[in-house]
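# Take this sequence and fold it.
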Amino acid sequence: MTFRVATLNLEQDHKRWSERRTLILEQLGQIRPDILTLNEVCLPHQTGRWLQQNACDRLGLPYRLVQQSKTNHLATVEGEAILTRYPILETANFDYQTQGMVAQVARLEVENQLLDVYVTHLYRSRGEDTLRLYQVQQLLAWIESRQGDGVAAVVSGDFNATMEMPSAQLMAQRFRPSQLEPTAFTPLQGED
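Numbering: from 1, shown residues only. Modelled structure (predicted):
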């Protein structure tokens, strides 16, 4: 099965969303991913829905949208989302039960095969890796509990870890990291 996946942290509606959204839409039209996973969709401004509707209306990209709000104090503020051109057979979510963090999955049908697409946002990058490592252990256990024969999986999102950190190393034991590819995100240099 062949497909193109892109991922982006929308950072809610911060950093001049009204100007950025047009640039994001233009880039979406250029790369035309089959699947787009999003972190920090802004629920009050419906940023995920805005991208879905405008991708269809302006670009002719008929994406389906599934969203999962974070929990507790963040439940009305932000969430994770998946835009896909493939049929959605099932969705589920996982609550890490810490800091409102969640993971979301959509089971898709791609070329008559099953594909689970996960999107998550792990604990922020400042500080030690202990909580992130625990979240990765939880995520991998959840994925393992869902996987059946012949179900492929992609995990995306904001992992907030560099490849030398234990949480990223644990993920790399099960999944091939895209950070090693030349088209992937290159971490910024310096503290800010």
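# what bridges to Gln113?
Val110 (DSSP bridges).
# what element comes up after the longest helix anywhere in the chain heading to the C-terminus?
Once the chain is assigned using DSSP state H, the helix that runs over the most residues is helix 130-146. Downstream of helix 130-146, the first helix or strand assigned by DSSP states H and E is strand 151-158.
# Pairing partners for that next one, with directions?
Strands that pair with strand 151-158, judged by DSSP bridges, come out as strand 113-121 (parallel).
# Need the nearest residue in space to Gly157, chain neighbours excluded.
Using Cβ to Cβ, 6 or more residues apart in numbering and skipping residues adjacent in sequence, the residue nearest Gly157 is Thr120, 4.2 Å away. Bear in mind the C-beta positions are built from the backbone N, C-alpha and C, glycine included.
# for Gln12, what are its contacts?
Counting by Cβ atoms under 8 Å, 6 or more residues apart in numbering, Gln12 touches 40-42, 45, 47, 77-78.
# From those residues, pick the one nearest Leu61.
Closest approach between the contacts of Gln12 and Leu61, by Cβ to Cβ: Thr47, at 16.3 Å.
# Enumerate every residue touching the closest residue to that closest one other than its chain neighbours.
Nearest non-adjacent residue to Thr47, counting by Cβ to Cβ, 6+ apart: Val41, 5.0 Å away. Applying Cβ under 8 Å, 6+ apart to Val41 gives the contacts 10, 12, 47-48, 67, 78-81.
# 7 Å instead?
Going by Cβ atoms under 7 Å, 6 or more residues apart in numbering, Val41 touches 10, 47-48, 67, 78-79, 81.
# What helix or strand is it located in?
Assigned by DSSP H and E, Val41 belongs to strand 35-42.
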